[in-house]
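Enquirer: this one's structure only:
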């Protein structure tokens, strides 16, 4: 069976999304993590636009545009500015070393693919595999949040998680209602603003963005 | 059973490819070096420099260490032979050459491994510190690169349901055009393996003789004259074989079929175009990346292995 090129292309973009999440997982520098996040947003824009084109749903064009503006331009720019203001350029400190993280990541991908297999049976045809990939992206982003020590990287991981969810929504179910998408986009934007404020607060209190310092807040 | 005339044609094709590869391999190395020189704002020695080096080396008298065993003398010929054989197996000019049926992709990896084992043994044969050091490092790099390469090849094999290179290339080149996401992962892993196996920059620097960093060069320090020339030529052949393997696996479009003499010039032209692009890309990649510490190499190659595994998983999931 020959599936249409548009959907083959969406498949390719899905694979590339997973690749970008993996690249973020193995990244040692925060700046390149942010750049990778921007790339992820770009891939997401492309895939959303293609799904919009192939299924003829016009509101998906809006969400593609929204993704482009928000996740490719605004959020990375915001994060870059934060990095400059906080004057942090250190390498990412991981809790587990990177080869182990990658192995755990592979295990997660296998887990996600198996988990998504019965769900994919329910939907028909072409976008079956995409749920598995999106789920793997979500789990990998969670892993990224767990294994990183600094607040900024955790936020980038959180945003990557949202990207994967968004991808699942657009490609597997051809998009949520536009209102919901707008709401989520706004949420993410507001959340990153709040995170930005948090960064300053954390640094002011501890002179560092290392969240393990937060443990000192406990009462004895 | 093949017709007699067809068989003769096929064998002629095979010999054309063999001759072409062995003669053009130093040219590719020269081209990569020239591109690198341009990128680094040097004028460079010209694309013909490897030929001049080979000519110079072949005209020198060989100096061999006092305690060298016959293995040391035999190794350059074995390595050269292995690389030439590898280049004969890979469909470079045309699909379905008589030799390429002789060995599948797993055997091809084996051929590369034989050459590696012999060169490592020869490096330890003399008993110098550098040779042993180089051999150990080479083994460290290659034992990680080999499974990654195998996984890459398995991904391509899964798509075409065959481990025979002609079948793989035939499936990818001549059937309806399909986008394979799994091959994108495999291609990335393959590039990493190519860099590591051919002693290119993030892993090893072919131009350095600094004891802290050299891997491949440390092994061949004791060689001189014709032996060194053969090893250098074999390195060029290896690079050529790897790049054409990459072309065969990932962008095989435009390859000629056996017996199709009319298609040969076009196939040759596309091949030259692809090689020029690949060489320039390799030079660019080497220029923009920094040589990494030797202890980073396992991580780098681990990434390649994981990418290849991921490609395989994606293939299972998406069926493409």
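Expert: Done, it's in. Owing to the predicted nature of the structure, the values given are computational and were not obtained by experimental measurement.

Enquirer: now chain A against chain B: closest residue?
Expert: Checking chain A residue by residue against chain B with C-beta to the nearest C-beta singles out residue A:15 as nearest, at 3.3 Å. From N, CA and C alone the C-beta is placed, and that goes for glycine too.

Enquirer: report the contact partners of that residue.
Expert: Contact criterion C-beta atoms under 8 Å, 6 or more residues apart in numbering or on different chains gives A:133, B:181-182, B:184-185, B:314, B:318 as the residues in contact with residue A:15.

Enquirer: enumerate the positions of the strand or helix carrying it that are buried.
Expert: Residue A:15 is part of helix A:5-25 when elements are defined by DSSP states H and E. Applying a neighbour-count criterion of 16 or more other C-beta atoms under 10 Å in any protein chain shown, the buried positions in helix A:5-25 are A:7-25.

Enquirer: quick one, grab the pLDDT at the closest residue to chain A within the stretch 201-320 of chain B.
Expert: Across the stretch 201-320 of chain B, the shortest distance to chain A (C-beta to the nearest C-beta) belongs to residue B:318, at 4.0 Å. Model confidence at residue B:318, expressed as pLDDT, equals 74.

Enquirer: all the strands of chain A, in order from the start?
Expert: Under the criterion DSSP state E, strands are not mapped anywhere in chain A.

Enquirer: show me what from it comes close to chain B.
Expert: Where chain A comes near chain B, counting by C-beta under 8 Å from any C-beta of the partner chain, the residues are A:2, A:5, A:8-9, A:11-12, A:14-16, A:18-19, A:22, A:26, A:98-99, A:102-103, A:105-106, A:109-110, A:113, A:129, A:132-133.

Enquirer: go again with 7 Å.
Expert: By the criterion of C-beta under 7 Å from any C-beta of the partner chain, the positions of chain A lying close to chain B are A:2, A:8-9, A:11-12, A:14-16, A:19, A:22, A:26, A:98-99, A:102, A:106, A:109-110, A:113, A:129, A:132-133.

Enquirer: what's the closest non-adjacent residue to the closest residue to chain A within the stretch 101-250 of chain B?
Expert: Taking C-beta to the nearest C-beta as the measure, the stretch 101-250 of chain B has residue B:181 as its residue closest to chain A, at 3.3 Å. Once flanking residues are discounted, residue B:181 sits nearest to residue A:15: 3.3 Å by C-beta to C-beta, 6 or more residues apart in numbering or on different chains.

Enquirer: who's in contact with the residue nearest to the spatial centre of chain A?
Expert: With distances taken as C-alpha atoms, centre = their mean, residue A:160 lies nearest the centre of chain A, 1.3 Å away. For residue A:160, the set of contacting residues under the criterion of C-beta atoms under 7 Å, 6 or more residues apart in numbering or on different chains consists of A:21, A:24, A:37, A:40, A:141, A:144.

Enquirer: quick check: end-to-end length of stretch B:287-299?
Expert: Distance across stretch B:287-299, first residue to last, is 21 Å (C-alpha to C-alpha, to the nearest Å).

Enquirer: pLDDT of it, averaged?
Expert: For stretch B:287-299, mean pLDDT rounds to 82.

Enquirer: ok, and does it reach over to chain A?
Expert: Yes. Where contact is defined by C-beta under 7 Å from any C-beta, part of stretch B:287-299 touches chain A, namely residue B:299.

Enquirer: the strands in the stretch 151-300 of chain B, which residues?
Expert: For the stretch 151-300 of chain B, the strands defined by DSSP state E, counting those that start in this stretch occupy B:256-257.

Enquirer: for it, which residues are neighbours of chain A?
Expert: For the stretch 151-300 of chain B, the residues in contact with chain A (C-beta under 7 Å from any C-beta) are B:176, B:178-179, B:181, B:184-185, B:299.

Enquirer: please repeat the previous calculation with a cut-off of 6 Å.
Expert: In this structure, the stretch 151-300 of chain B approaches chain A at residues B:179, B:181, B:184, B:299, judged by C-beta under 6 Å from any C-beta of the partner chain.

Enquirer: okay, those in JSON lines with neighbour count and distance to residue B:145 next?
Expert: Compiled in JSON lines, those are given as follows (neighbours: other C-beta atoms under 10 Å in any protein chain shown; distance: C-beta to C-beta, whole Å):
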{"residue": "B:179", "neighbour count": "17", "distance to residue B:145": "27"}
{"residue": "B:181", "neighbour count": "26", "distance to residue B:145": "23"}
{"residue": "B:184", "neighbour count": "18", "distance to residue B:145": "20"}
{"residue": "B:299", "neighbour count": "17", "distance to residue B:145": "13"}
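
Enquirer: next, the buried residues of the lengthiest helix in chain A.
Expert: Among the elements of type helix in chain A, defined by DSSP state H, the one spanning the most residues is helix A:178-206. Buried positions in helix A:178-206, judged by neighbour count with 16+ other C-beta under 10 Å: A:181, A:184-185, A:188, A:192, A:195-196, A:199, A:202-203.
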